[in-house]
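Chemist: Please find the sequence and the predicted model below.
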Amino acid sequence: MCGLLSACAIDSVQRQPEVQVEAVTHKIALQLDQKGLSKSDQAALNEFIYQRGDSSALRIKIATYSSKGASAVPALTALLKQAGVYPSQVTSEVAETSTVADVALFVESYRSLVPNCVAGKLDHSMLNEFKSSPNFGCANASTLAQMVATPRDLAIGRTLDATEGRKAVSRVDTYYQPTTSNSDQADKNNSSSISSSLGGQ
């Protein structure tokens, strides 16, 4: 009887929704003229960076293949900064000689994978193993994957930004020395008006 009861015991199925993240690398190569970056090159780079999504989550490597490409690195860094990519997100290196391009940008970005959920239910079985069902929890995982603002944070942790000391201290001062509320100020005004009407100071 005990064996029968243990066989009929119901184990709760625990499965937390998981969001899969993959890294994607895009490349753009430029052949510069004698003056460096032209207006068409700048427009192409701005469009290329804009299509990559959130600029704060990008990691960019500048590979130079010639002296013209190496001299264009400061201009490229400034252009990327105007597009929202900070210099801390950009690295540069001298690559092997290329017969086509003078400089190339490798942009690494992250994206969340939205699972393809199958509508409907599986055929009923006697054991009814939900763990083997690919559709179990798929709707939650799909919703979470579409809600992720910065997929890179799920793969690589983000460091804390430096705090502003003056702002932190001002918040502590405000907590211990609250400003006068509107009701207190109204009571003071009423008391002063009453004293003046009675001839008080």
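Modeler: Sure thing, it's come through.

Chemist: Quick one: the helices in the protein, in order.
Modeler: Listed in chain order, the helices of the chain (DSSP state H) span residues 2-8, 39-50, 67-71, 73-82, 138-147, 152-155, 165-176, 182-197.

Chemist: Which of these comes out lowest on mean pLDDT?
Modeler: Sorting these by mean pLDDT places helix 2-8 lowest, at a mean of 47.

Chemist: What distance do you get for Tyr175 to His26?
Modeler: Here the criterion is CB to CB, to the nearest Å. By it, Tyr175 lies 48 Å from His26. From N, CA and C alone the C-beta is placed, and that goes for glycine too.

Chemist: which of these two has more neighbours?
Modeler: Taking neighbours as other CB atoms under 10 Å, Tyr175 and His26 compare with His26 leading, 15 against 8.

Chemist: Is that one bridged to anything, and to what?
Modeler: For His26, the residues forming beta bridges with it (DSSP bridges) are Val107.

Chemist: Look at it and report its pLDDT.
Modeler: Each residue has a pLDDT score; the one for His26 is 93.

Chemist: residues in contact with it?
Modeler: His26 is in contact with Phe48, Arg52, Phe106, Val107, Ser109, counting by CB atoms under 8 Å, 6 or more residues apart in numbering.

Chemist: what residues are up against the nearest residue to Ile49 once chain neighbours are set aside?
Modeler: Nearest in space to Ile49, with sequence neighbours left out and distances taken as CB to CB, 6 or more residues apart in numbering, is Ala83 at 4.7 Å. With contacts defined as CB under 8 Å, 6+ apart, Ala83 is in contact with Leu45, Asn46, Ile49, Tyr50, Ser55.

Chemist: doesn't Gly84 make contact with the last one?
Modeler: Yes: the criterion here is CB atoms under 8 Å, and Ser55 meets it with Gly84 at 3.5 Å.

Chemist: These two: who's more crowded?
Modeler: Using other CB under 10 Å, the more surrounded residue of Ser55 and Gly84 is Ser55, with 18 against 13.

Chemist: Count the residues that sit near Thr174.
Modeler: Residues within reach of Thr174, counting by other CB under 10 Å, total 10.

Chemist: Lys81 now?
Modeler: Neighbourhood size, Lys81 [other CB under 10 Å]: 14.

Chemist: Let me see the contact set for it.
Modeler: Shown here is Lys81, whose contacts under the criterion CB under 8 Å, 6+ apart are Pro87.

Chemist: Mutual contacts of Ser55 and Gly84, please.
Modeler: Counting by CB under 8 Å, 6+ apart, the contacts common to Ser55 and Gly84 are Ile49.

Chemist: ok, back up a step: what about the contacts of Ala83, which one has the most neighbours?
Modeler: Using other CB under 10 Å as the neighbour definition, the contacts of Ala83 reach their maximum at Ile49, which records 22 neighbours.

Chemist: Distance check, that one against Val172.
Modeler: Separation of Ile49 from Val172 (CB to CB): 40 Å.

Chemist: hang on, the earlier thing: now compare the contacts of Ala83 and name the two farthest from each other.
Modeler: Across the contacts of Ala83, the two members that end up farthest from each other (CB to CB) are Leu45 and Ser55, 12.4 Å apart.
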